[in-house]
Each structure stands twice: as structure tokens, then as C-alpha cells.
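*Asks:* coords below, sequence missing:
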DNA sequence: TTGAAAGCGCTAACAA
DNA sequence: TTGTTAGCGCTTTCAA
């Protein structure tokens, strides 16, 4: 049995004023004699009055909180990516004294009620996510972290410039002699998968090359099927000399599949992960990867959303933030054998070399 | 300009019933003809009606959300520990379809208003944290993740069994010949610091040993002052053969300080960190540490809190969950030279050996 | 079976 | 300068 909380009415009665006067006295609005204001403040403190944020929000229409929705939040909060994203969002909400609500996200059950927040970030919108759909049609401001997959209602997007990062790394390995890239990509349920595929195809077409493709369900765990999938690809397309993979799990599968075919990853066939992860610096060989910068992305999303809920800003449909390349041995071993290849990087992303690895680990 | 959201009144009017009937029709309560119920539901869908969770909560007193407060959330969300804690809490809130609100936590500015949630977890309560104090006196249910420092109002606590883990590791290194332990501990602003100190002192007293002490501000970054602090300790207490440190940062300082004195960490002086971190497996030498299991702790806190807000459970003042030991070279190098020492661990914690390191990295 | 009325705690017009 | 009134959107008695 908890005691009934002290309300504004209690304070007003005790101080002998009306509720509106009490409200204004406490909020500092309205002009009134200093004496009444002090008297009200005093009794408020004495009674231990705490404004009910719920009632306040209901009345004012502002909550001082934004929410974060992520389809797989439950299981994939484990993912380094999402945690970093949350950290970035928290960096900016906290600095602007807002709460950040992590929405429960059962992707199958609808939730119907609209959340008690001023706006929502949808991290990594996935097609068929019932709750994301609800949010998008709720009328509250939405910013997406990463682009929408086809066939979904949309909102302003803050995303990573995958095109540029991918082209940078492709140009780099092209210089090392790569002529037959293969993309093991996430499927079209994520906007990321779509961008990856388009970019590789465009890049190949521009050079008269042909890309081999395989699709893999987004966010599967460590299974041998990754090795099998890559293996099947290698057997079907013997000329492949670059494997673009979507995650560390698939990178591991790729390395295993290559070795099983007496092909040395990083020399005979290069391996690049389209998303960096700490462990990619610890594999044998370490795997070159695109660092998506999830923390910066989370921060950018929160900043964008706050600018619309607080300052009524108008957001462009798509804002891109740069990714960075982490060059590692899975593309560098070849540099010595291929001969004549430049290891200078074109483009505007900042490359980081294996020497930075140690620092990576320490920053973790 | 966003369109005015559809309210229950709109639905009622459109369906030609009163608001109360509409409410009951939608919530499934109240007995009424199937036809009116269906009619109301139908118009609700047609108008795109979404219940306002704020109003609902104001009326019912239940929000379906719990909050998480952490003093350093802004900057130290970076800390692996806190992220894991959040992940654990999210695991259980999400499974029980609750939202998890990460509270903005400026430790100096009061916030006054009580948060829009059914209960709050205070992760790692720190003395003098204004907002934590506000929460503790607000009347809403609070569960603390880790014990309170002295002089703070309290609530039920879910914490880690530091005593047991620390005694296990102390017994272990005692078997390796340690006779003069030193604790570089967090100060008494955290309950953790207090427990650590008491446990080491008790353990030493029981064996007629004496512990050297130094205190360090909680959660400082990588600074050379750590090395200086440990160095000063080593110079002042030349017999020390075990350094207990609170974090990876101080562990690094300890290693540097020892080497600067031509003392080999792990052989001449053992090093143990009271909190594990991924990088402790990558240092030279890798450092034995107590894995606090922050994810499990976060989950346990959320479970406890939900049991009180949902089932009105009565919580014991202190619930302890076990920690695990990660034995690494910083205590093992000595095993070969000390002779006769057992590496079997007494006690109930589960030791993990360096062989597990690789897996550690992969799981990250 | 349904409707009318009250009220959760607060803020903001408008009067006095 | 202060009080009265209305109402944010919803749920829940209590009558009809």
C-alpha cells in the first residue's frame, strides 16, 4: 500500500490559493506577488509535492521523451550494432534532457496504442514489421535509422552512405586485381540489402564486370549453413575473387569455406564485410570491413528527431552520414603478390589500417 | 501541421454511441450486443483510431513501462558494463511487453517531476546523485542494481555476490603464495567499493595478513595517473605481491607500473581486476578478472521490479546473484614458478580459463 | 444493454 | 494579482 501522492490540489488547498495560482507559482509563469509565490513554493516543498508528468504531458501535449523502435530489439540487443546505436541516441537525448524509451517490439502482435513520446526513431526498418507500420501511421514524427525497404510507408531517413564506402572498397580491391566480385547480401527486407546490391551491380556494370549474388536472411546466427552457402557459391562460380559478406558470422563462414577448398582468404580470394565488428580484427586473417558507425548514426537520428519535435524543423527525405573503412589482412595479403597495385585509397572515406587494431580493442 | 489525432469521442460519435460504450466495446469489457461491439470496432478501424496511452495511463495509473536511471548514463553509456546491463533489462521488459525508459540523468540538476513509469531501476547508485534521491523519495517502486553506498536512502537491492567471487580469487592466489595483497579500490561513493574493501579486509584478517589500500575515484578514464597511483603504492609497500584493481584502465596502469620497476606482472606480482572487460583478455599479460555478469544483473533487476509493479510482490532487501571468474595469465604465470600450488578453485563460482578467451572474443 | 457524469492531475483562457 | 472554468483523452461507477 503506497501512500497517495501529493497533488497540485493539495498544495493549493494547503497554501490557501487556487490550483491555477499554485501551478503558475511553481512553474514561474504568470505575474504575482513574490510573497504568494514563495508561500506556494514553500508548502510544495513541505508537502513533498512532485508534479505528475503524465498529467502534465496530457495537458501540454509534450512529453520530453522520444522512443526507439527496433524490430529485433529483444534478441538482437545483443548485437554490437544496436547497442552502439542506442548509445549514440542516448548521448544526444541525455544532453538535451530528454528520456529515451526503448519500445517493446514484438514484431507479430500489434500494440495499437500510440506511445507516450514526442517522436520515434525506427532503427533499421524491416518490411512486414507490424509495430513499425503502426508507428508510421500513427501521426507522430518518425525518423528512420537506415533506409526503408521497398513497399513500406516512409518517413525522413538518416542513413549511412553505403554507396560511397562500398565503392571505395571496391575500387581498392579492383586495384589489387579483383575482377569477379560476389555479394552474399542481406535480402530485400532491409533497405541496406537493397542499397548494397544496387551499388555493387552498378559498380560492376560500369567496368563491364559481372557480380555473382547470393541472398541470406538478415541477422541469422552462427550456423554452418553460412559456410555451406558460401561454399555452394564458390563451387558454382569458380572465378570469384572477392567475397562481400554482410556480417562477421558470414565472414567466418566464408573463411572456412575458402580454406576447405584450399583457397587462401586474403590472397586467392579477398573477403570484405559490409559491417564491421570488433571480432573481425581478431579472426585469421583479420577481415577488412566497412565500419558503419552505429553510434554516430544513433546520435544523428536523435538529433534529427529532436529538431522536428522541438523546433518544428522540416527534414529532408534522406540524410547520409559517412562510413569508414577498416582495411585488414583479408584484402592486404594480396597486395604483395598481386604486384603493381596501389594501396592508396581514393574517395573521401578515411581508411584505417591494421595498425589501429590494438587501439580498437582498447577503446572497446 | 500534423492532423488532430482521432479520439475515442470521434469514434463514439461516428458509431452513434456514447464514449463509455465505445471504450468498453474496444477493450472487450462490459456486456453488450455483438452488433454494437462490432460496429464500434469497425468504425474505430475505419477512422484509424489509436488510444492515447498518456490518457489511458493517467486514468488507470499504469503505464506499462519501467525506467532505468544511471548516474553517468550520458558519458558512461560507453561503458561495456552499462550497455550489458541495459541489454539484460531489455531482455526481460521486452519479453513482458513493457517499454524501458532510459532516464536523462544530469546528476546536478533536479528534475522534480516523477517519471511516467510504473517503477525505476537505479543502476549502480552513487552517493550525492540528486536524481537518484528524487526517485527514492518519489514513492514509486525502486529496485537498485548493486548495493547503496552508506548514507543514502535505500530500496530493495539486486546485486552481485562480490564477496564470494573475491574470496574465491583470493583463496586461489593464496594457494599461489600471495601473502601481501593490495587493493586499489573505488571510493565509498559506490556500494561496490565498500563491499570490496570489507571483503578483502575480512579475508586478510582471517589469515593474519594485512592489506594495503589505495582509493581511486570511480570511473575515471585512461590516465597516466593510474600508473602513478599504483607506482606510489608499490614504492611505499615493497612487499605487495597482489594488486586488486577496479577496472581495465587501472589494470593497465598496474602493468605499466610493475614493468617500470622491473617486476613482471603475473609472476612477481599478480594482478586481478574486480570487473571483467573484453580487453583484459587482450592485454600482455591477459588479466584475471571477476566477470560481474552485468547482463544477468540487468535482467534480474527488471524481473524483480516487474514482480512488484505487476504482482505486488514484496522484495527482500538484498538479492545476490553470482559472479564468475575468468582466470588469465596475470595470476597463472606464477603457477609454474611457485610450485605446489593448486589451480583448482574452491567455492561455487565457475572458473573459466584462458582457453575460453577466443570464444569470448567471438561472442562479443 | 447503454448513457450520463465524474474525475485522473494538470494547464491555460478568461474574468474578476 | 488571483480565482473560476474548461478541458487534455480516457475509464469507471452508477442510473436508466
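*Replies:* Sure, I can see it. No experiment lies behind these values; they were computed from the predicted model shown.

*Asks:* shaky segments in the stretch 1-150 of chain A?
*Replies:* Low-confidence segments of the stretch 1-150 of chain A (pLDDT under 70): A:1, A:73-78.

*Asks:* Ignore what I typed, I meant the stretch 151-300 of chain A.
*Replies:* The stretch 151-300 of chain A contains residues with pLDDT under 70 at A:218-224.

*Asks:* Now with 50, please.
*Replies:* Scanning the stretch 151-300 of chain A for pLDDT under 50 picks out nothing.

*Asks:* Strands of that one, residue ranges please.
*Replies:* In the stretch 151-300 of chain A, the strands defined using DSSP state E, counting those that start in this stretch lie at A:157-160, A:181-186, A:212-216, A:242-245, A:270-273, A:288-291.

*Asks:* With distance to residue B:209 added, can I get the ones you listed in TSV?
*Replies:* Backbone N, C-alpha and C define where each C-beta goes, glycine included. Below are the strands of the stretch 151-300 of chain A laid out as TSV (distance: least, C-beta to C-beta, whole Å):
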stretch	distance to residue B:209
strand A:157-160	55
strand A:181-186	58
strand A:212-216	57
strand A:242-245	54
strand A:270-273	51
strand A:288-291	48
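
*Asks:* Among the ones you listed, which comes closest to residue B:278?
*Replies:* The closest of the strands of the stretch 151-300 of chain A to residue B:278 is strand A:288-291. By C-beta to C-beta, the value is 17.3 Å.

*Asks:* so what's residue A:135 closest to, chain neighbours aside?
*Replies:* Spatial nearest neighbour of residue A:135, excluding adjacent residues (C-beta to C-beta, 6 or more residues apart in numbering or on different chains): residue A:120 at 5.1 Å.

*Asks:* Would you mind listing the residues in contact with that neighbour?
*Replies:* Contact partners of residue A:120, counting by C-beta atoms under 8 Å, 6 or more residues apart in numbering or on different chains, are A:66, A:67, A:68, A:69, A:103, A:135, A:140, A:141, A:142, A:143, A:305.

*Asks:* ok so the second one is a helix residue?
*Replies:* No - assignment of residue A:67 by DSSP: H, G, I helix; E, B strand; the rest coil gives strand, placing it outside any helix.

*Asks:* and it, bridged to which residues?
*Replies:* Beta bridges link residue A:67 to residue A:101, residue A:120, judged by DSSP bridges.

*Asks:* wait, doesn't it sit right on residue A:115?
*Replies:* Yes - with contact defined as C-beta atoms under 8 Å, residue A:67 and residue A:115 form a contacting pair (5.1 Å).

*Asks:* residues shared between the contacts of the two?
*Replies:* Residues touching both residue A:67 and residue A:115 (C-beta under 8 Å, 6+ apart) are A:101, A:103, B:99.

*Asks:* and the last one, how many neighbours?
*Replies:* Burial measure for residue B:99: 27 neighbouring residues, criterion other C-beta atoms under 10 Å in any protein chain shown.

*Asks:* how about the nearest residue to it, chain neighbours excluded?
*Replies:* Distance criterion C-beta to C-beta, 6+ apart; nearest residue to residue B:99, sequence neighbours excluded, is residue B:65 at 3.9 Å.
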